[in-house]
Each structure stands twice: as structure tokens, then as C-alpha cells.
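1. Predicted model and sequence follow; I will ask about them next.
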Amino acid sequence: MKTHAQIVVIGGGVVGCSVIYHLTKLGIRDVVLIERSELTSGSTWHAAGGFHTLNADTNMAALQGYTIRLYRELEEITGQSCSLHHVGGITLAESPERLDFLKSARAMHRHMGLDTELITPEEIRKLSPITNTEGVLGALYDPLDGHLDPSGTTHAYARAAQMQGAEIVLRNPVLETNPRTDGSWEVVTEQGTIIAEQLVNAAGLWAREVGAMAGIYLPLHPMEHQYFATADIAEVHDRADELPHVMDPEGESYLRQEGKGLVIGFYEQNCEPWAVDGTRWDFGHELLDENLDRIGDSMEFAFRRFPVLADAGIKTIINGPFTFAPDGNPLVGPVPGLRNYWSACAVMAGFSQGGGVGLTLAEWMIEGEPSRDVFAMDVARFGDYCTPSYTRLKVRENYQRRFSVSYPNEELPAARPLDTTPAYGIWKSQNAVFGDMYGMEHVNYFAAAAEEPYEIPSFRRSNAFDTIGEEVRAVRENVGINEVHNFGKYEISGAGAFDYLDRIMAGRIPAVGRLSLNPMLSPKGRIIGDFTVAQLSIGVFQVTASYGAQAYHMRWFEQYLPESGVRLSNISKQRIGFQIAGPKAQELLARVTRADVSTAAMPFLSISEIDIGQCRAIVQRVSYTGDRGYEIYVPWHNQAALYDILNSAGKDLGLRPFGMRAMMSLRLDKSFGSWMREFKPDYTPLETGLDRFVAYDKAADFIGKAAALAEKEQGVSRSLCTFEVDAKDADAVAWEPIWHDGEVVGYVTSGGYSHYAKKSIAFGFLPLDLVEEGRQVEIEILGEMVSAHLYSAPLFDPKNEYLRG
Ligand SMILES: Cc1cc2nc3c(=O)[nH]c(=O)nc-3n(C[C@H](O)[C@H](O)[C@H](O)COP(=O)(O)OP(=O)(O)OC[C@H]3O[C@@H](n4cnc5c(N)ncnc54)[C@H](O)[C@@H]3O)c2cc1C
């Protein structure tokens, strides 16, 4: 084994092998993969080998499509067969809700160029005569689905990488990984020590243990998973063509042909986390004890759905472990807090996702950023709140929900509540319905006193609709109050703070007492944050953005932090408080402070420190509701007192608490985009209108400046637009295709119902040549074409006169 390498990858499963293949494909030759045993010695050898493109995240789905298309290329390069069977796959719908779900997936596929289609029970029987379609309403057919040989495919990746210079060292456990002062890693193995400039953890079943060698916890957990293969079955044997895969969500099973028999696997409710206290180092090519009792109900269901199974002999039963992150997507990218340490772990569908994971990681390591938004699999989408027990509970929930319908308004219950603020009890006593983000509870809306505090998951307008409308009207007509705890908040201070912010933010850094809206760009000019930056006193800044992006943003901040002169702290949980917004907000604030809160003294986009009642507070005059409003921040321990002060003073002004659902409706009135919907690394400032906050002419060479200037020079081909939609009971959510003249020309980024204007609104991209006031388009919502037209003046306070007044 060499003693030095540019990149060392730990783990020779399908993911590690894909990583080295892609690194070499992008030109890195000095790559060493170290494997404890033989290639495929973790989850990989157990796999049923199925692959599919379906994923709720469009970029994940695109990467799955990339993975599937890659196999032919690998076969051609290496001559090693992957035993590909492109037989297509059918996902059954047994309820109207499931059909809606599949319709929305189908719609999403249209602008991704995926050729899925909805088929009838009769067509299902034609494609898969062994399927009993009783109770089935329809299905989604995906011609790309299929299966392969897991071992052959892993070796094809490995061989292709070796052909381009990668070295693979087998039977050599990594024992230690020690950081060195120059940022490289000392990797101690049984066969000696190698220095790695960059280190990749692709240790699959042992990723937790390998992570611990570097002092980190990666939030993933293995689950047991069972499938069985039958002996030959006459109805299969006699067919000329291979049967397609059938995913039966109601029965929580997937089925495919194997030889002249069938393979069927289950994602059962009664599932088992495996190796809770860690994966044994001597676990190898062995199976876990089968446990047919656990899948008894699922098997009974399967016998009804596929009657041929009832008389088939079982040839083999496989029970093997594989790993999941809390949301089921992989953990990929630079690990926050460490230098030159990368994760390629928690890949639960290695044969659908392995290629995309390898490509993404290689691009990130070599080019500095992936070629598309990969937040859905970024290791930094989770934070410190993900403890091992939290992860285990969420992973179990995710496994159980593998075949569940995911509704846009759904909140998942496992491991909650975790993080709460002092206001949690106050809201709970007011019949609040909670959601959570990044482990923190927030109010979605307040159910009427007589109602159960529960929003029924739905693709259509939910039971919360009327109440949300009342909350919106309280803000627009009087004054509303909600929490500002679910912003990510950072204090950046010191002699070098201004220059540091001037470098990492694309907008102007505000003077003392002022705040500015500030995009943060990647070197390629993509949007990686939409911040509010406020200068509280000379060299002391409060910077706020999405709560869910804390680890993501901290990783970036730390990457560019100078060695001295700047202090950076994440104060998201320490500095919390409330927002008050609406025409009576100013009057309310005036009642609780001796400070002058007139517009002259506290104008729009100002920040000041004042006393409110007995509390010292930081007040920003800005509001995402688009109304006249104030964000009031206090230390964590003053929040309950602040609430009492505002609540008592606001009673006769009609003060009413409102939740995130109302907030998301209010922002529609102003055409305000939001993080990970309109603003994300797939988009640029000029495409989204954020260019108005980019200080192209500022002296500082901010990150992404060259790319932003080049974009300005060249122009863009699409633009973010706002549409009024003639929706009846289902509003656009995201990814719905936008049609014009019988063609898909764009897609929705987000949408909803404006309770203020009583209109259904959607934001989405259109090619520039179609952007025109009043442009008529159609938006495909749940399989129906709904007419819509483009408009540009916001529905509420279009000239911002009231906001600034
Ligand atoms: C029963 C079952 C059925 C499945 N069916 C499918 C399917 O149909 N389709 C699909 O896409 N996926 C399926 N999967 C999931 C699939 O197997 C995984 O997604 C995939 O194998 C993950 O690969 P990996 O490379 O991340 O991890 P692993 O396969 O676990 O590989 C990790 C490697 O790292 C090595 N390693 C660990 N620690 C060290 C160390 N200290 N030093 C050196 N080497 C080390 C291990 O020996 C191992 O070879 C199934 C899994 C199971 C269990």
C-alpha cells in the first residue's frame, strides 16, 4: 500500500466503488480505496438489486436516473456484466389519495424528462398477469425500473476505477483516522499507515464506527430487511418476457422475477433497528436469522395480491441489514466541523442512488461544488439535535413509511417534541397544531377551541383552511404575533467582521442601525442563502436565515472564516422572541416601550436595542408577512416575560397568534420567495429576482462575483414568475409542470392560497420569451390542467408604501 494519497476512500461496497470510479472519471488518479475484507462485504452483497427513479426530491430522482443509465457505460468500459434487466416497474394505487400521489409524481416527471405513465387496472393485468388488481384504482408505470447483479455491478465500478489508476487494497481494516495540523489525515490500517489529503467515509454498515474514529457522529442507523426468493413457478416459467417489478404500497412489498421464480421483499411496520450499540467488526458475509413472524401479515396480503405465491416453494430467505438516515436519503458531502473529511454514507438504495452519490461527491471534492442542488442528501441538512436515539426513532419511522403516501402538509410524529422554546406551553394551551424543523417545534396554526389539534394530511385544502384564513385576516386587519425562533441566527463580530461579511455576502453590508437583505452565492454564482444582515453596533452583526440550514451555513461560514479578527457564533437557540405584524403593530410596540418607535425614529429596515417592559430586546423593523411589522429578539430566558408583556398590551388591539401556515399564505401576497423553494443552489440571482439585492458594483470581491457579473452580461433564459391559478380545492405545491401551447415550458417552485386576496397563487419558472403580463398558461395539479395567468404587481401593498410608512 502507498504511504500517501490525494484521496483515500474507506469501504468497498457499491458506494465506495462508485466514488472511486467517479473521482477517476473526473481526472483524479491518486486514489486509494481501503476495504476491510473483500469488495461487497457490507450491505451490498445482500441486496435484491432492484433499481428505480422515484424519489420525492426531483434532484434525487434525476441522480437516480443518472445511476440507472450509467450501468451500460460501466459494462462497455470494463466488459464486466452488471446483469441488467430493464423490465419496467408498476406502483399500484389502491386509494384515491395514493392515486393523487402518483399523479403528482407523474406531473413532476414531465419536466424532468422521465417517461412514466399512469395505467389502468386492465393495463396492469396485461403487463403483470400474476397481479390480482381487485381494489386497485390504477398504477404508475416506469419503464426505467429494473434489477441487476449487485456483486457484478460493484466489481464493474471497481474495475473501471482501477483501469483509470485507482488502487484498491483488500483485507485491510482501517483502525484509526487522525487529523493532522496541515488538514490531511493519518489513516492507520492493519497493513500500515497512509496519509490522505482528503478522506471519504463510505463504510456503509460501519459508517458510524468509522465516523467515531474521527470524533463525529453520523446520523444513520441500520435496519433489518427481509426478502425471499421462490422456486420456479409455472406462470412465470411459461412466459416469453420477463415480468415487470410490482410495488404494492398497501401490502408494503416489492416483487420481481428472478430466474423462473419470484423475489418479494417487505417494508413491514413491525420492523427492527439492527446493531443499536454498533456494528460488530467481525460481521461479514453472513445473514441474520430469518423472522417470518415479523412479516406474517405482509405475506398474507402478498398471497392475495399475487395468488401464485401461495403455492410456490420458498427457495431462500434473506434477512440483512442496511443503513438509513432519519429521512431516508443519503448523507453526502463535507462533514461540518472537520477539514477534508467527506461522507458517502446512509445510502439505502445503493443500486438506484450509488452512481449519483459518487458523481456528486466527486464533483464536490474536485470542483468545489456539485453541479446541482443536493441539499436533500447533504450531510449538513442535519445538526447536533440528531442524537443516536433520535436517529433510531426517525429511521424506524422512515422505514415504516417507505410505502406511505407523503402529503405536502404532513408532519411526522416520531421523536417529537425534541427542541421547544418557553412559548411552547403557551401555544399548546391555545390548541396549537405543531410542525417541526431541524428538531425544533413551531406552530403551524391554532385549531378552533372545539377541534382536535390535528391537521388532516391532504393534497387538497385541509381542515385547517378556514382557521388559517382567520389568522391571516388578524394580521392584515389588526396585529398578529408569532415566534421568530425558527430562524437560524448568527452573531458575527470583531474588527474583521465587516470585511468578512462583505466577502461572503453578495449584497451591501449595512451601516450601524440598519439591516439589508443579502443573498449568499457559491463561486459559480448560485444562491446558497438568503440572509438578513443587521449591524447592531460597530462591528457587531446579527445575521439571520433559515433555521433548517444551520449546519449548512455554519460549514460555509467556517470555511471562509479568517484566522483572527472575526468571532462567529450560532445563537439560533439563545436569541429568540416574537414577531408582531399588522396595521396595529406599531401602536402595540409603542405601548410596551418608552423608546420612540415612530417611523422617523425606527424606519423600515432598521435595527435597535430597546427595553420592552422589563426586557432588553433587539428590534428589527422588517416582516416576512409583508405587513408593517417588527421582529423582537430577547435572550431565551426572557421569552415568556416578553409574551406576557405583548399579550396584555395587545388584547384590545385584536392581537392574535398566527402560525407558519398563515405566514406562508401572507408571503404569497407579496410574491416573497423562500429558501429551498425559490432560492436554492439550482437557481441564480438573475433568474429569481434576487439580483436587486446583489451589489454588483461593490468594491469587495464577494464570493460568486465573477459568475454573477458574467450572468448579468450574458443574461438568463428563464425567470421566476407569479401566477394566479384558477384552482378549486387543490393549490399548486411544488414541481407541478407549467404548460403552454400543449408543451411543458416550466414548473412550479411553490404555491398556496392567499387568504388575503382569496386567490390561489403559484410561483414558477418560465422561459424568458414567454414572460409577459397576463400570459395564460396551464398548471397541471394532481393530473388536471388548471388555467393560470402571470401577473407582476404584488397583491398587497404593491409599491411598499404602507410597509415603509
Ligand atoms: C436485504 C437487503 C436488500 C436490499 N435490496 C436492495 C435493492 O433491491 N436495491 C438497492 O438499491 N439496494 C438494496 N439494498 C440496500 C443496498 O444493499 C445498500 O444501499 C448498499 O449496499 C449500500 O452500500 P455501501 O457501499 O454504502 O455500504 P456497504 O455495502 O455496507 O459497504 C461498506 C464497506 O465498507 C467496508 N468497511 C467498513 N469499515 C471499514 C474499515 N474500518 N476499514 C475498511 N473497510 C471498511 C465494509 O467491509 C464494506 O465492504 C438492500 C439491502 C439489504 C440488506
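-> Yes, it's here. Numbering: from 1, shown residues only.
2. What distance do you get for the residue of the stretch 451-600 of the chain found nearest the ligand to residue 331?
-> Distances between the stretch 451-600 of the chain and the ligand by CB to the nearest ligand atom are smallest at residue 551, namely 21.5 Å. Glycine gets a C-beta too; all of them are placed from N, C-alpha and C. Residue 551 is 11 Å from residue 331, where distance means CB to CB, to the nearest Å.
3. Over to residue 157?
-> 20 Å.
4. pLDDT value on the closest residue to the ligand within the stretch 151-300 of the chain, please?
-> Of all residues in the stretch 151-300 of the chain, the one sitting closest to the ligand is residue 204 (2.0 Å; CB to the nearest ligand atom). With respect to pLDDT, residue 204 scores 98.
5. Mind checking which of residue 157 and residue 331 has more residues around it?
-> residue 157 (32 against 27; other CB atoms under 10 Å).
6. what kind of secondary structure is that one in?
-> Three-state secondary structure (criterion: DSSP: H, G, I helix; E, B strand; the rest coil) places residue 157 in helix.
7. what's the pLDDT at it?
-> Residue-level confidence at residue 157 comes out at 98, pLDDT.
8. if you skip the residues just before and after it, what's nearest to it?
-> Excluding the flanking residues, the one nearest residue 157 by CB to CB, 6 or more residues apart in numbering is residue 17, at 3.7 Å.
9. Just list what the helix or strand containing the one you found packs against, helices and strands only.
-> Assigned by DSSP states H and E, residue 17 belongs to helix 14-25. Identification of packing neighbours for helix 14-25 by 3 or more CB pairs under 8 Å, 6 or more residues apart in numbering; DSSP states H and E yields strand 4-10, strand 31-34, helix 150-163, strand 341-345, helix 350-367.
10. How about that helix and the ligand, touching?
-> Yes. Using CB under 6 Å from any ligand atom, helix 14-25 reaches the ligand at 14, 15, 16.
11. wait, isn't the first one in contact with residue 152?
-> No. In this structure, residue 14 sits apart from residue 152 without contact. The criterion is CB atoms under 8 Å, and the distance is 10.8 Å.
12. one step back: check the secondary structure at the residue of the stretch 451-600 of the chain closest to the ligand for me.
-> helix.
13. neighbours of residue 563, just the number please.
-> Here the number of neighbours of residue 563 (other CB under 10 Å) works out to 6.
14. if we can go back for a sec, of the residues of helix 14-25 next to the ligand, just say which sits nearest to residue 763.
-> Lowest distance from residue 763 to those (CB to CB) belongs to residue 15, with 35.5 Å.
15. For residue 246, see how far away the closest one is.
-> 27 Å.
16. Quick check on the two: which one has the bigger neighbour count.
-> It is residue 15, of residue 15 and residue 246, that has more neighbours when counted by other CB under 10 Å, with 32 against 25.
17. and that one, what is it in contact with?
-> Under the criterion of CB atoms under 8 Å, 6 or more residues apart in numbering, the contact list for residue 15 reads 202, 204, 344, 345, 347, 350, 354, 357, 358.
18. ok, the fifth one touching residue 330?
-> Yes. Using CB under 8 Å, residue 347 is in contact with residue 330, at 4.6 Å.
19. Need the residues touching each of the two.
-> Residues touching both residue 347 and residue 330 (CB under 8 Å, 6+ apart): 353, 357.
20. Give me the number of neighbouring residues for the nearest residue in space to residue 416 that is not next to it in sequence.
-> Counting by CB to CB, 6+ apart, the nearest residue to residue 416 once its immediate chain neighbours are dropped is residue 436, at 5.7 Å. As a burial measure, residue 436 scores 20 neighbours (other CB under 10 Å).
21. Residue 436 bridge partners, please.
-> Legend: beta-bridge partners of residue 436 under DSSP bridges are residue 441.
22. separation between the residue of the stretch 701-805 of the chain found nearest the ligand and residue 60?
-> Nearest residue of the stretch 701-805 of the chain to the ligand: residue 735, at 23.4 Å (CB to the nearest ligand atom). Applying CB to CB, the value for residue 735 to residue 60 is 12 Å.
23. same deal with residue 800?
-> Here the distance between residue 800 and residue 60 works out to 38 Å (CB to CB).
24. cool, and residue 529?
-> Between residue 529 and residue 60 the computed distance is 21 Å (CB to CB).
25. sec struct for residue 75, please.
-> Residue 75 falls in the helix class when you classify it by three-state DSSP.
26. What residue, apart from its backbone neighbours, is nearest it spatially?
-> Ranked by CB to CB, 6+ apart and with sequence neighbours excluded, the top spatial neighbour of residue 75 is residue 82, at 5.7 Å.
27. Now do the SS call for residue 731.
-> Once three-state DSSP is applied, residue 731 turns out coil.
28. I'd say it and residue 725 touch.
-> Yes. Counting by CB under 8 Å, residue 725 is a contact partner of residue 731 at 7.0 Å.
29. Determine the residues that are contacts of both of the two.
-> With contacts taken as CB under 8 Å, 6+ apart, residue 731 and residue 725 have 751, 760, 761, 762, 781 as neighbours in common.
30. Let me know whether residue 767 touches residue 718 as I believe.
-> Yes. Residue 767 sits in contact with residue 718 when judged by CB under 8 Å, with a separation of 5.5 Å.
31. So between the two, which is more surrounded?
-> Taking other CB under 10 Å, residue 767 and residue 718 do not tie; residue 718 has more neighbours (20 against 14).
32. Tell me how far residue 715 lies from residue 773.
-> Residue 715 sits 20 Å away from residue 773 when distances are taken as CB to CB.
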